[in-house]
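Novice: here is a sequence together with a model predicted from it:
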Amino acid sequence: MQIIDMHCDTISKIRQMEKEGSPASLRHNSLSVDLEKMKKGGYALQTFAIYVNWEEEPDAEAAAGDILKIFQREMQRNADLISQVRTYSELEANEKAGKMSALLSLEEGAIFQNSLDSLRWFHRQGVRMATLTWNYENDFGFPNCMGDPLTQKTWSWGDDRGLKKKGLEFLEELEHLHILVDVSHLSDGGFWDVAEHSTRPFLASHSNARGLVKGSARNLTDDMIRTLADRGGVMGLNYAVSFMRPNWKPGEAGTTVEEIIQMASYILNIGGSDCLGLGSDYDGILELPEISDCSQVQLLAEQMEKHGFTYSQTEKILGGNVRRFLKENCNDSAS
């Protein structure tokens, strides 16, 4: 089965490693995602996030520009294996050429909140997916979890406050540019504002179900899942154990394949067979899951079928649903 994953933090992690004096390559590294592992795992496309922790790097736009340069460098160095895509037709062209594809996303609206021109510049660099927030309030709105998830400093759960005036303004421009709107990390109120004011389907690139794991506000409620599905959207299974395991405690082992399958089954029962894909969050999560790197994702397919999923259901989750979403929504933007 061809794998499509909507979220990983690998490029940002490579930047961090290089700043610490440990250069890394996207082709082969010690992380959960590299091109050799992707090839072995049967990947068609990986979405690479430009993630910035705004509290640590207040000039989020400049930091994002640095990460973008690393992404562009790695695309050039590994053009025999992978190529950046901006539209679904480019994904098809890569497949015909026997290459994998890379989609570029922004994780933290502070990256482009300074001006619409900044957003348009990132669009010209090929960004085709973006969140409006990460874990801090910004000019657009509020996160669903406030603070640093590693230290839980100034940590708070959930927020009914919606998008600010500037958030609604930039939502309109994101849609005009055909940049996919990603509600992962967005407050509950912000989710419902996107649902009300957006004119195109939207996605939650790396969020699970709050109805199964109530301790994670990062997960979507059942009503959110139904709304996302009804709008033609898609959500990605996040492998992080804190989003997968009820009553999880720090220090426990990472997510098992069994837990991923249980979460997938729950979401399908709520949202139907067309709303679910993969959003691994590889290289952005602390406790490695049982499928500890992307070369092992076919194990998930095998176990899903052993647990009663049909081939069609499994194929949709591992790539088909996101492929459909991209075919319908990742196309040439308005001029």
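Specialist: The structure has been received and is ready for your questions.
Novice: got the contact list for the closest residue to Ile82 other than its chain neighbours?
Specialist: Nearest residue to Ile82, sequence neighbours excluded (Cβ to Cβ, 6 or more residues apart in numbering): Met100, at 4.5 Å. (Each C-beta comes from the backbone N, C-alpha and C, glycine too.) Going by Cβ atoms under 8 Å, 6 or more residues apart in numbering, Met100 touches Leu35, Met38, Lys39, Tyr43, Ala44, Leu45, Gln46, Leu81, Ile82, Ser83, Asn94.
Novice: now swap in Glu258 and tell me
Specialist: Glu258 touches Gln303, counting by Cβ under 8 Å, 6+ apart.
Novice: doesn't it fall inside a helix?
Specialist: Yes. Counting by DSSP: H, G, I helix; E, B strand; the rest coil, one finds Glu258 located in a helix.
Novice: quick one: least confident helix or strand in the protein?
Specialist: In the chain, the helix or strand scored least confidently by mean pLDDT, DSSP states H and E is strand 156-157, which has a mean of 54.
Novice: ChimeraX command for the buried members of the contacts of Met100?
Specialist: Of the contacts of Met100, the buried ones go into a single ChimeraX selection, burial set by 16 or more other Cβ atoms under 10 Å:
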select :35,38,39,43,44,45,46,81,82,83,94
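Novice: measure the residue nearest to Ile82 to Asp281 for me?
Specialist: Note on Met100: its distance to Asp281, by Cβ to Cβ, to the nearest Å, is 19 Å.
Novice: shaky segments in this structure?
Specialist: Within the chain, the ranges that satisfy pLDDT under 70 run 146-158, 333-335.
Novice: can I get the contacts of Met100 in TSV with distance to Gln113?
Specialist: Compiled in TSV, these are given as follows (distance: Cβ to Cβ, whole Å):
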residue	distance to Gln113
Leu35	32
Met38	32
Lys39	37
Tyr43	32
Ala44	32
Leu45	28
Gln46	26
Leu81	34
Ile82	30
Ser83	30
Asn94	32
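Novice: looking at the contacts of Met100, spot the one nearest Asn219.
Specialist: Gln46 (22.5 Å; Cβ to Cβ).
Novice: I figured the closest one was touching Leu104, is that so?
Specialist: No. The pair Gln46 and Leu104 does not pass the contact test of Cβ atoms under 8 Å, sitting 10.3 Å apart.
Novice: do you know how far Phe325 is from Asn138?
Specialist: Applying Cβ to Cβ, the value for Phe325 to Asn138 is 26 Å.
Novice: out of those two, which sits in the more crowded spot?
Specialist: Ranked by neighbour count (other Cβ atoms under 10 Å), Phe325 and Asn138 place Phe325 first, with 23 against 20.
Novice: got a list of contacts for the top helix by length along the chain?
Specialist: Counting residues, the longest helix found in the chain (DSSP state H) is helix 60-77. Helix 60-77 has contacts (Cβ under 8 Å, 6+ apart) with 11-12, 14-15, 18, 25-27, 48, 50-52, 54, 57, 82-84, 102, 104, 106, 108, 110-112, 114, 118, 122, 125.
Novice: note down every partner strand of the helix or strand following that helix and its orientation.
Specialist: Following helix 60-77 in sequence order, the next helix or strand is strand 82-84 (DSSP states H and E). If you go by DSSP bridges, strand 82-84 pairs up with strand 100-107 (parallel).
Novice: and the partner strand with helix 60-77, angle?
Specialist: Interaxial angle of strand 100-107 relative to helix 60-77 (axes from the mean of the first three to the mean of the last three Cα atoms, to 10 degrees): 170 degrees.
Novice: check which element follows strand 100-107 along the chain.
Specialist: Where DSSP H and E defines the elements, the next helix or strand beyond strand 100-107 is helix 116-124.
Novice: who touches the helix or strand harbouring Met6?
Specialist: If you go by DSSP H and E, Met6 is part of strand 3-8. Residues outside strand 3-8 that contact it (Cβ under 8 Å, 6+ apart): 32-33, 38, 41-49, 105, 107, 129, 184, 203, 205-206, 234, 236, 238, 277-284, 294, 297-298, 318-319, 322-323, 326.
Novice: for that strand, output the C-alpha coordinates as PDB.
Specialist: In PDB, the C-alpha atoms belonging to strand 3-8 read as follows (Å, rounded to 0.1, in the frame of the first residue of the first chain):
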ATOM      1  CA  ILE A   3       1.600   5.600   2.400                       C
ATOM      2  CA  ILE A   4       0.700   9.300   2.700                       C
ATOM      3  CA  ASP A   5       1.500  11.000   6.000                       C
ATOM      4  CA  MET A   6       0.200  14.500   6.800                       C
ATOM      5  CA  HIS A   7       2.700  15.500   9.500                       C
ATOM      6  CA  CYS A   8       6.300  15.000  10.700                       C
END
